[in-house]
Structures are given as structure tokens and as C-alpha cells.
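Visitor: predicted structure and sequence below. I'll ask about it afterward.
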Amino acid sequence: HAAFDVETIRKDFPILKRKINGKPLVYFDNAATSQTPQQVIDVIVDYYSNYNANIHRGVHSLSQEATDAYEQSRQKIQKHFNAAHSHEIIFTSGTTHGINLVASGFSSLLKVGDEILVSALEHHSNIVPWQMLCERTGAELKVIPMNEAGELILSEFDALLNENTKLVFVNHISNALGTINPIEYIIEKAHAYGAAVLVDGAQSCPHLKPDVQKLNVDFYVCSAHKICGPTGIGMLYGKEKWLKALPPYQGGGEMIAEVTFEKTSYADLPHKFEAGTPNVCGGIAFGAALDYMNAIGFNAIAKYEQELLSYATGKLSEIEGMKIYGTAKEKTSVISFNVGNIHPYDIGTILDKMGIAVRTGHHCAQPIMDYYQIPGTIRASFMFYNTKEEIDVFIAALKKAIMMLS
Ligand code: PMP
């Protein structure tokens, strides 16, 4: 795609031709899962049609082809995130798996009196594993608070940091509000106290291209299904020194050097963290998804998505009783809102009848909903294949729903 041509791009996505309840699909639930272009679907079909095999074990040709493609994909991911080594990229089943792998590993490194900081803007998958880690180790979980705009209060973060802080967890971008968090600042400050930082990139990777070396981040996790790839695959980036220090997460095949009943020695990175037969096809398709997005270009994607965001925000703001949550200066194409006292679920149900897919509920971020004292919101989230025309359809349908429910 030479210039940013959304109509050409849309042709890559077969699902965008679907009708829902007799109406053309308007897919605004991208923060939950993005759609998959034909280029990635073709890679999946090609894998199962032509070289499906188990990897890293066989001397036969199919196994070698599958292994090569899987490892090439790891290198693509390394390059995309600018990791220093390909063995710093661990394939996982997704963001949740990556976070649990790190949280489990830190069990042996923490003790009573240690402190873990987590932000008020987290997804449940970046809260619960740390609570479980605290239960195992006696470490204490502390929360970096947020303000009305949906931004972290950095002065409070500064005040929470001390010599006992061992870990800091924050998402790069909030899935519920779209806030882009100042992770550069957080990483630098945390490092000054010797704390490691894990950044949850589930919502950032679809919209920007993180450079893990420039960020100097210790761990970075994401899921391929939010970046035009398949479900069930993701990656954990970890600095080599940390991945060497952490014990394995799961035992099994692939992750050992030698096994006897007396003692087992573990394989080198990255295999130490990749027990069992991995999602070979998913790993290969993950690389293809990054190829697809890089061919369009993340600068072009970000610029276009910001246009969609400001267009939709403007149109929504004209609606009476509209309350948009999360008004941070730095945010991506996610809009969380409520209208008057109407329950989000009722609006979502009517929108679905008109072919429009949005998310309703607490978005796995109940602490944020508690902050605003609401049960949930309606969330519309855009990707580069959405259009202003779709936003117009959505706004008209929303107005109709409001009329029906008021
Ligand atoms: N963190 C954030 C910020 C997310 O948006 C999500 C997905 N909604 C996750 C973590 C969990 O990702 P997954 O379900 O793919 O493991």
C-alpha cells in the first residue's frame, strides 16, 4: 500500500464483507480482538496444507521446514520490537500467559517486605497474577492511582517508590480508556530504585511500534490476536539477564537439556520457557501479521487512527447526556462512554441488531469502573481498516437506540 488507502486495505479483510442481522458489519470491538487479513489467513492455510509438523525434533524435511518458519518468525518479532537477541523473545499463548510466566518466576526472588507497584489502569490479567504472587511470597501490592481524566498520577507514583520496590507493572495503553501511559518515565524512575518493570503491550502493539531497547524495559508482553494475527499466540520479551535469572514456568518436552530421575538440566533460552509442542502455526502467522502491518506502516496507521478518534469523539460529544470516560491528552482510538442513565448493555444489544459490534461492560478493568462509580461503559475501538462512514452509521444507530431507550 503506497499511500494510506482504506478502501484497498478493507479488501484484505474477508470478514468486513459480512452482514450481521441483515446489516453490513461495523466492527468496533478491535480492542478485544482485531480482524485477520487474507495474507495471514493464507499463511495459516499454507501451513496446514503443506508443512504441518512438530518442530525442533525431527530430522525429516517437514519438521525442518516448520522449524525454520517458526524460528524465522521469532526473528521477525525480534526485529519488530528491536530486541538485542532472538532468544529474548519467548512465544506464549498470549499476554495473560506472559504475565503469569513472569509472576510465577518472581516467586523465588521475592520475600516479605518487598513491594510491587501496579497501576490503577490495569486489566485484570495484570492484577490477579500479582495478587497471587503476593500471597505466595508475602510481598505487598501497592496501587499507582489515577485521576478523573484516566491518567496515572505520577507524583503519587514517585512517592510510592522506595528501596523495597522490586517490581512495577503497568500497561502501555489502557484497554478500557485508551490512555497512553508515560512508560518511559515509569521505567526510568523504577530503575533508579533497582525495580524491574513489566509493560503490558496488549493494547499498544496494534497502534505503535515499541522499541524495547530504547525503552530499556525489562519485560514486554502482547497477544497476536490484537495485531491482525490468530488467537492463542503471543510473545514475552525479557532482557536476557532476567530470563536467565527466572526459573522455568512449566516442565515438559522442549525445555530440557538432559533428564534423569535424579536431576534435570534446563535448555538454553528461549526453549527453557517453551515446554511442550508450541503453537507452531500461530507463531508463523504472528510473524506474517507483523509483516502485514509493517507493510502499511505504523506511522500511517497511527495518523489515520487519530483522525478516526477525533472525528468520532466530536460526533459523540454532540449527543445529549454523553459522558466520555478517559480524556487523557495522549490516547489511542478507544472511546468509552455512557449516555444518561441508560445501561450500556441495552445500547450494545440494540447496536448489534443494527450490525454494529461494540463492547459493553467492565472491560476486565473493574477498578477503573469503581473509580468512576459505574458498572460499565460502552466501548468503541477503531483499527486502521475502519472508516468515517462507519462512524456515521454508528452515530445514527446510537441516536436511534437512545430514542428507543429514553
Ligand atoms: N492486558 C490488556 C491491556 C488487554 O487489553 C488484554 C486483552 N483484553 C489483556 C491484557 C489480555 O490479553 P489476552 O486475553 O490476549 O491474554
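Guide: Sure thing, it's come through. Residues are numbered from 1 along each chain as shown.

Visitor: switch to C-alpha atoms for all contacts and neighbour counts from now on
Guide: OK.

Visitor: would you quantify the distance from A396 to the ligand?
Guide: Relative to the ligand, A396 is positioned 27 Å away (C-alpha to the nearest ligand atom, to the nearest Å).

Visitor: for F28, same thing?
Guide: Computed with C-alpha to the nearest ligand atom, the distance linking F28 and the ligand is 14 Å.

Visitor: that residue touches T360, doesn't it?
Guide: No: F28 is beyond contact range of T360, at 11.3 Å (criterion: C-alpha atoms under 8 Å).

Visitor: okay, now the unreliable bits of the protein?
Guide: Low-confidence segments of the chain, defined by pLDDT under 70, are located at 1-3.

Visitor: domain ranges for it?
Guide: The chain breaks down into these domains under automatic domain parsing: 6-30+297-405, 41-294.

Visitor: please work out which of these is packed deepest.
Guide: By mean neighbour count, with neighbours taken as mean count of other C-alpha atoms under 10 Å, domain 41-294 ranks first of the domains of the chain at a mean of 19.

Visitor: which positions in the stretch 101-250 of the chain make contact with the ligand?
Guide: H123, S125, N171, S174, N175, D200, A202, Q203, S223 (C-alpha under 6 Å from any ligand atom).

Visitor: if you set the cut-off to 8 Å instead, what comes out?
Guide: 122-126, 171-176, 200-203, 222-226, 231-232, 234 (C-alpha under 8 Å from any ligand atom).

Visitor: now, which of these lie within strands?
Guide: Those of those mapping onto strands are N171, D200, C222, S223, G234, per DSSP state E.

Visitor: which parts of the stretch 251-400 of the chain are strands?
Guide: Remark: strands assigned in the stretch 251-400 of the chain by DSSP state E, counting those that start in this stretch are 256-259, 264-266, 322-325, 334-339, 356-357, 359-361, 377-381.

Visitor: of those strands, which approaches K303 most closely?
Guide: strand 334-339 (14.3 Å; C-alpha to C-alpha).

Visitor: partners of the closest one in the sheet?
Guide: Each strand that pairs with strand 334-339, with its direction, by DSSP bridges: strand 322-325 (antiparallel), strand 377-381 (antiparallel).

Visitor: list of residues touching it?
Guide: Taking C-alpha atoms under 8 Å, 6 or more residues apart in numbering as the criterion, the residues outside strand 334-339 that touch it are 31, 175-178, 309, 313, 320-326, 344, 377-382, 402.

Visitor: how does it look with 7 Å?
Guide: Outside of strand 334-339, the residues within contact range by C-alpha atoms under 7 Å, 6 or more residues apart in numbering are 176-178, 321-325, 344, 377-382.

Visitor: and which of those residues is nearest to the ligand?
Guide: A176 (7.6 Å; C-alpha to the nearest ligand atom).

Visitor: quick check: the closest residue to the closest one other than its chain neighbours vs H172, distance?
Guide: Closest residue to A176 in three dimensions, ignoring its sequence neighbours and counting by C-alpha to C-alpha, 6 or more residues apart in numbering: H363, at 5.9 Å. Distance of H363 to H172, given as C-alpha to C-alpha, to the nearest Å: 16 Å.
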